[in-house]
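> following is a predicted model, sequence given first.
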Amino acid sequence: MAVEAYQTKQGKRYRASFLFQGQRPSERGFKTIEAAKSWISDERKRLRAEAKAQPQKKTHLDFLDISTKYLKDCAGRMKGANTTRQKTFVIEQFLAFLKSKHDIEIPDTVERSQVREYITDQVASRGEKAANRDLRDLKALFNWAIREELTRDNPAARIESVGDGPPYPALPYRRQALGNPGPDMGGREFRTPLAAPLDPQAPGGCQGTPAHAHERHPFR
C-alpha cells in the first residue's frame, strides 16, 4: 500500500496504490491522506468480493496459503516442535500487525515497506533481539517460497537487522581432507558445513534441518 503526495495548481493532492494479485490498482486526486487510504481499503474489499464471486480456478497463492504450506513443510522436516511454534508465532504476529495497522485481513501480497514497518514496531514493543529473530524467520519463509516456486520475490530481503550483528549466527564449518586427491590437488583441504542444525536462513530451510534436507520436500 502506498500513498504519495504531488503538487497541482489547486494545491497538494495524493495518489494511492496497492498490490492485488500481482496487479497495482491506483487512483489520484485525493485531497487528504485519509481519503486516499479509505479508497485503498474500499477498493481492496471490492476486488476481493469480485474475485470471490467468480467461479474460476485459483492461480494465485496469498500470504496465508504460502505460510500454511511452509509450516507444514517445516513440521515434516524438523526434529523439534519449538521452532515450528516460533515460526507460527511470527506469522501470527505479522498478520495481526497488518490487520491492526493497515486493516488487511489476509494479504494478497506483502510489500517490503510493510515488513520494515513491522520490524520497527517489534523493536519498540519487544526489543531488538526479538525483532531480528522475526526478520530472520520472515526471510526464511520467503526464501523457501522462492525455492518452491510459489513466489518470485522476497520482500524481507535487503532489510538489515537492528543493532549489532547479523539476525542469525554464521554457519559453522569444519576442515576435511580431500580423499584420493589428484596430482593437481596436492592434498589440499576444503571447508564443508558441519552436520549441525542449520539456521532457517541457511540453504536447508528450517532450523533443525540437516544440510541435505532441502533436496527432499515431502510437500512438493
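Right, received. Where do you want to start? Numbering: from 1, shown residues only.
> give me the domain ranges for the protein.
The record's domain split for the chain, according to automatic domain parsing, is 2-48, 63-168+197-215.
> comparing those domains by mean pLDDT, which bottoms out?
Mean pLDDT per stretch puts domain 63-168+197-215 lowest among the domains of the chain, at a mean of 80.
> identify the residue nearest residue 67 in space, chain neighbours excluded?
Leaving aside its sequence neighbours, residue 67 sits nearest to residue 91 (CB to CB, 6 or more residues apart in numbering; 4.8 Å). Bear in mind the C-beta positions are built from the backbone N, C-alpha and C, glycine included.
> quick check: next helix or strand after the helix or strand that that neighbour is a member of?
Assigned by DSSP states H and E, residue 91 belongs to helix 82-102. Sequence order places helix 112-126 as the next helix or strand after helix 82-102, per DSSP H and E.
> going by neighbour count, which residues in that following helix are buried?
Buried residues in helix 112-126, counting neighbours by 16 or more other CB atoms under 10 Å, are found at 114-116, 118-119, 121-123.
> swap in stretch 155-166?
155-156, 159, 161-162.
> mind listing what residue 118 touches?
93-94, 97-98, 134 (CB atoms under 8 Å, 6 or more residues apart in numbering).
> contact partners for residue 26?
Contacts of residue 26 by CB under 8 Å, 6+ apart are 15-17.
> how about those residues in CSV, adding distance to residue 74, secondary structure and neighbour count?
CSV is the format used below for the contacts of residue 26 (distance: CB to CB, whole Å; DSSP: H, G, I helix; E, B strand; the rest coil; neighbours: other CB atoms under 10 Å):
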residue, distance to residue 74, secondary structure, neighbour count
15, 40, strand, 15
16, 37, strand, 23
17, 34, strand, 18
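> name the nearest of those residues relative to residue 143.
Residue 143 lies nearest to residue 17 out of these, by CB to CB, at 26.7 Å.
> show me what that closest one is bridged to.
residue 2, residue 26 (DSSP bridges).
> mind checking how far it is from residue 27?
According to CB to CB, to the nearest Å, residue 17 stands 8 Å off from residue 27.
> likewise residue 148?
Counting by CB to CB, the gap from residue 148 to residue 27 is 34 Å.
> and which of the contacts of residue 26 is nearest to residue 65?
Closest to residue 65, out of all of the contacts of residue 26 and judged by CB to CB, is residue 17, at 23.3 Å.
> which of the contacts of residue 118 sit farthest apart?
So, the contacts of residue 118 by CB to CB: farthest apart are 98 and 134, at 13.4 Å.
> so the two - more neighbours on which side?
residue 134 (27 against 20; other CB atoms under 10 Å).
> show me what contacts the more buried one?
Counted by CB under 8 Å, 6+ apart, residue 134 has contacts 90, 93-94, 118-119, 122.
> mind doing that once more with 10 Å?
86-87, 89-91, 93-94, 97, 115, 118-119, 121-123, 126, 156, 167 (CB atoms under 10 Å, 6 or more residues apart in numbering).
> can you tell me the element it falls in?
helix 128-147.
> related to what we said a few turns ago, please dump the contacts of residue 118 into CSV; it should also carry distance to residue 35 for every row.
Listed next are these as CSV, based on distance: CB to CB, whole Å:
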residue, distance to residue 35
93, 30
94, 27
97, 24
98, 21
134, 33
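> which of these lies closest to residue 2?
Using CB to CB, the contacts of residue 118 come closest to residue 2 at residue 98, 14.8 Å.
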